[in-house]
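S.K.: Structure of the sequence below:
(one chain, ligands or ions: 1)
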Amino acid sequence: MSVTHPIPQLDLQRQLLPIRDDINRALSQAIDNTAFIGGEALKRFEEHFAQFCQTQHVIGVGNGTDALHGIFWALDLAPGDEVIVPAMSFIATVEPLTQLGLVPVFADVNPVTYTLDPIGVEALVTQKTRALLPVHLYGQPADMAPLQAIAKANNLFIIEDAAQAHGATYYNQRVGSLGTAACFSFYPGKNLGAFGDGGAITTSDAELAERSRRYSDHGRLTKYEHAFPGVNSRLDALQALVLDIKLEHLERWNQCRTQWASLYSDLLADINEISLPKLGENRTHVYHQYVIRTSKRDDLMAYLKDRHIFTGLHYPIPLHLQPAYQDLGYKQGDFPQAEALGETCLSLPMFAELTEEEVRAVAEAIRSYFL
Ligand SMILES: Cc1ncc(COP(=O)(O)O)c(C=O)c1O
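M.R.: Down below sits the predicted model:
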């Protein structure tokens, strides 16, 4: 093995180096102009991200969690209304629901794609169901066509959680444009990441765009007039500048991730004791995470760490088993696929600037563990 340095799960330094001068210049100008909130930089990024996502509107907000919160607030649902969500995701998928008095109804994930399994969703629809909230987990779009059919038949909204999937496509259409609205996160480690927290709502529904924009800016009608009590959750101008520069590189970065994913898959294909990520039909994956599965997960993780190869877990505890949601009344055994995924998932090093040598070294270490 020719790599002697540690291999991190994510290295943001390497992403920064080639774009640092551009970013320094843009930030320095904005600082000189003291243009920190709103203004041209935010408008420009929102327009560019709307083009990228093939939607009419983008509303920059403080983070991805607030993006979901703003969408569900703008939908104006009643307390007790139900939203069907996958049992495997980050907790931010459901926090906004429960904070708004809505009820998350968990469904299991598909054993192949790990996204909301349409089989079983229909049986969960009740008189109170108002929306489906698929998560494009790890960067792979959920199976939207059957979900769209269920939504249409039952008059439900589809809200996408696209926090991990900037640029992924389903039937050549970008995530963010596949439902009524979508949330994106620009947390630094995401495929498109800010220099701090950031998020966006995408939608082609003009009324929803206006309501959610107002909500995130104190319910503002004009500078001094407020239509309703909102919140303060805006994407600041400095983050918008950083994101606008990074957006120009995103497609290339996603291509690099895809290339590393396919190299991992080639190099690990003959190890029977692990399962590799699989792509559903008619979609592209942007590999926010490259997640393998093995019953020896914890031991393998420690073995790799001993060899200075760092991995992650996304996520070891499914949502229905989180202490935060015990009051919802779910128990171990309710969602076997999500639970098995939690016990066996392992996220390998994944970022655009990995080198072929590093990917080969990670694969070689995994091979040496099993073979
Ligand atoms: C699936 C998912 N949903 C929502 C979020 C929330 O985004 P943020 O951390 O920007 O609030 C994240 C990011 O952490 C996420 O991974």
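
S.K.: Pull the contacting residues for Tyr138.
M.R.: Tyr114, Gln164, Pro277, His285, Tyr287, His288, Gln289, Tyr290, Val291, His314 (Cβ atoms under 8 Å, 6 or more residues apart in numbering). No exception for glycine: its C-beta is placed from N, CA and C like everyone else's.

S.K.: Find the nearest non-adjacent residue to the fourth one, please.
M.R.: Once flanking residues are discounted, His285 sits nearest to Gln140: 4.3 Å by Cβ to Cβ, 6 or more residues apart in numbering.

S.K.: for the first one, same thing?
M.R.: Using Cβ to Cβ, 6+ apart and skipping the chain neighbours, the partner closest in space to Tyr114 is Leu137 (5.3 Å).

S.K.: on that earlier part again, wait, the residue nearest to His285 touches Ala165, no?
M.R.: Yes. In this structure, Gln140 is within contact of Ala165 by Cβ atoms under 8 Å, at 7.2 Å.

S.K.: if you count what's nearby, which of the two comes out ahead?
M.R.: Counted by other Cβ atoms under 10 Å, Gln140 and Ala165 do not tie: Ala165 has more neighbours, with 33 against 28.

S.K.: any idea how far the ligand is from the closest residue to that one other than its chain neighbours?
M.R.: Leaving aside its chain neighbours, Ala165 sits nearest to His136 (3.6 Å; criterion: Cβ to Cβ, 6+ apart). According to Cβ to the nearest ligand atom, to the nearest Å, His136 and the ligand sit 8 Å apart.

S.K.: What of Ala361?
M.R.: 27 Å.

S.K.: For that residue, report the pLDDT, please.
M.R.: Ala361 is assigned a predicted lDDT (pLDDT) of 98.

S.K.: Give me the distance from the helix or strand harbouring it to the chain's centre.
M.R.: Assessed by DSSP states H and E, Ala361 sits inside helix 356-370. Mean C-alpha position of helix 356-370 versus that of the full chain (Cα atoms, centre = their mean, to the nearest Å) differs by 27 Å.

S.K.: which regions of the protein lie under the pLDDT threshold?
M.R.: 1 (pLDDT under 70).

S.K.: Tell me who's in contact with the residue of it found nearest the ligand.
M.R.: Residue of the chain nearest the ligand, by Cβ to the nearest ligand atom: Gly64 (2.5 Å). Neighbour list for Gly64: Ala92, Ala163, Cys183, Phe184, Ser185, Phe186, Tyr187, Gly199 [criterion: Cβ under 8 Å, 6+ apart].
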